[in-house]
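**Q** Build me a model:
(chains A and B)
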Amino acid sequence: MSIFTMPSLGADMEEGKLVEWLVKPGDNVSKGDIVAVVETQKGAIEIEIFEAGQIGALLAEPGQTLPVGAPLARLGAADVGAPVVALEPAIESPKAVVPPAPAPPPTARPPAPGGAIMASPAARSRAAELGIALEMVAGSGPGGAILLSDVEHHVPVALTPVVEPVAVASPAGKPGLDMAEMRRAIAAAMSRAKREIPHYYLTHAIDLQSAQDRLTAINAGRTPDQRLLLGAFLIHATVKALAKVPELNGRHEGTPYRASGPVHCGVAVAMRGGGLIAPAILDAQDMDPDAIMQAMRDIVVRTRTGRLRNSEITQGTITVSSLGETGVDALIGVIYPPQVALVGFGAPRVRPMVHDGTIQPRLAVTVSLADHRVSDGRRGAIFLAEIDRLLQEPAIP
Amino acid sequence: MTPADLRAAFIADLTAIAPDLDPAAIGDNDHLQDDLGLDSMDFLNLVSALHKRFGLPIPEADYPRLATPEKAVAYLAQMLAT
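**A** You can find the predicted model right below:
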């Protein structure tokens, strides 16, 4: 028997709202099955289960907002001597919370094991930033743990960050997506990246003309639903180039840092109406450009109009951000923690390039790399040069 | 199909790809990329939907002829008539 809990869908996630169950008690589930939908700042996310078994009981109701780690369902029979797990009371959405009464004295909180104060990492970090002693904060999380919202609400009114209402002039985004919340989440992740990650930047101009010519020839013989975009070539080359500089692919979570074997390539997808989500194409290392294109189509459509799965937003090992056809020359990005590299492509444009000894108008793109603790500029340069080399070769026979 | 039918079909496929667009607010001369904010993936999905609906090949070389609703309706009418 085991308990399926509210998953963390990002370092800054404190809680999620259960929107829908896709299973009922008695259903058999396999690893990877989608069992529920949870609403976060990234929109509604499909939650996969990572264990096989039979759903014993559902412990949370749709509509409840629950902290990360709160039990959602019991897997397996209840009568095997396992401890009864009480459902944590749902906490209210931060928007609805009235600033709490003055914090109770420290002794009012149940003592945590070892006498330490239980608090989420985000709450600790925010409390440190604001100079608030955790002893002074009342916790509303499981077992009285202090959550980020508790710290935020402890802040004197004058210091409380005010979320400005989004100007109505911008077009509406995806239905059900709170653009102000998404902006807050992006700000939090990027602030963390710039605070903790020593970025260095490399840029390189790549001649894309032969890749574009190959693409045009390939697409001429295909119906629209089978056509490729240049972006599929760019992502394909990026993923393949990691084989030469594998340390750039990974998540900097433990010490020592270990690079990831599989490449879960995040693709920054701009939301219509503003904001950005970077879901990952899982196991991209073995994909040819056609498979990359199919995965991109699927993930872009689901990011904008459908639902992503939790594995896609929590397991990325590198991110590619591309400005597309109508952008500007170069994109110098910020690493998405805990990843260690961000590859940015500007808009491909026709530029004067030296080709076969003469200056010719050629389609070109500037690629950039932002990178930090796990490599130096020389390794990063090898990586960008390898992307360039791969783009000069036919990726599709 | 009349031009009005073609336009309705085009707008239906367009708003399926960009559900936040208000069909009533789309102008005949709105540029799909510059005014309505479609990116290359959105545009390819739109071309795919039109291909499926009308059975037309719509080669890449013809993409500029789909730049606005007005141009697209004229293009579709011409291609369907031949």
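**Q** Skipping its backbone neighbours, what lies nearest A:Ser2 in space?
**A** Nearest residue to A:Ser2 in three dimensions, chain neighbours excluded: A:Leu75, at 5.0 Å (C-beta to C-beta, 6 or more residues apart in numbering or on different chains). C-betas here are computed from N, CA, C, even on glycine.
**Q** And A:Arg297, how far from chain B?
**A** Per C-beta to the nearest C-beta, to the nearest Å, A:Arg297 is found 7 Å from chain B.
**Q** which residues touch the closest residue to that residue other than its chain neighbours?
**A** Using C-beta to C-beta, 6+ apart and skipping residues adjacent in sequence, the residue nearest A:Arg297 is B:Met41, 6.8 Å away. Shown in contact with B:Met41 (C-beta atoms under 8 Å, 6 or more residues apart in numbering or on different chains): A:Leu229, A:Gly231, A:Met296, A:Arg297, A:Val300.
**Q** in the helix or strand B:Met41 falls within, what's buried?
**A** Using DSSP states H and E, the element containing B:Met41 is helix B:40-54. Judged by neighbour count using 16 or more other C-beta atoms under 10 Å in any protein chain shown, the buried positions of helix B:40-54 are B:40-51, B:54.
**Q** what residues go with each domain of chain A?
**A** A:2-75, A:97-159, A:180-391 (automatic domain parsing).
**Q** if you average pLDDT over stretch A:226-243, what comes out?
**A** Averaged over stretch A:226-243, pLDDT sits at 96.
**Q** So which residues on the stretch 201-350 of chain A come close to chain B?
**A** A:216, A:219-220, A:223-225, A:227, A:229-231, A:270, A:272-273, A:296-297, A:300-301, A:305, A:324-326 (C-beta under 8 Å from any C-beta of the partner chain).
**Q** Give me the subset of those residues lying in strands.
**A** With strands taken from DSSP state E, the overlap with those comprises A:Ala270.
**Q** Which among the residues of the stretch 201-350 of chain A next to chain B count as buried?
**A** A:219, A:224, A:227, A:229-231, A:270, A:272-273, A:296-297, A:300, A:324.
**Q** which parts of chain B sit against chain A?
**A** B:18-21, B:33-34, B:37, B:39-41, B:44-45, B:47-48, B:50-52, B:57-60.
**Q** the helices in chain A, which residues?
**A** A:121-130, A:148-154, A:179-196, A:209-220, A:230-241, A:289-305, A:310-314, A:377-391 (DSSP state H).
**Q** Compare those and report which one is nearest to B:Ala4.
**A** For these, the distance to B:Ala4 is smallest for helix A:289-305, at 26.7 Å, taking C-beta to C-beta.
**Q** Pull out the buried positions in the closest one.
**A** Across helix A:289-305, burial judged by 16+ other C-beta under 10 Å covers A:289-290, A:292-297, A:299-300, A:302-304.
**Q** for that helix, packing partners?
**A** Judged by 3 or more C-beta pairs under 8 Å, 6 or more residues apart in numbering or on different chains; DSSP states H and E, the packing partners of helix A:289-305 are helix A:230-241, strand A:265-267, strand A:269-270, strand A:280-281, helix B:40-54.
**Q** residues making contact with it?
**A** With C-beta under 8 Å, 6+ apart, helix A:289-305 has contacts from A:174, A:228-229, A:231-233, A:235-236, A:239, A:267, A:269, A:271-272, A:277, A:279, A:281, A:284, A:287, A:308, A:312, A:395-396, B:19, B:41, B:44-45.
**Q** I appreciate the help and will end here.
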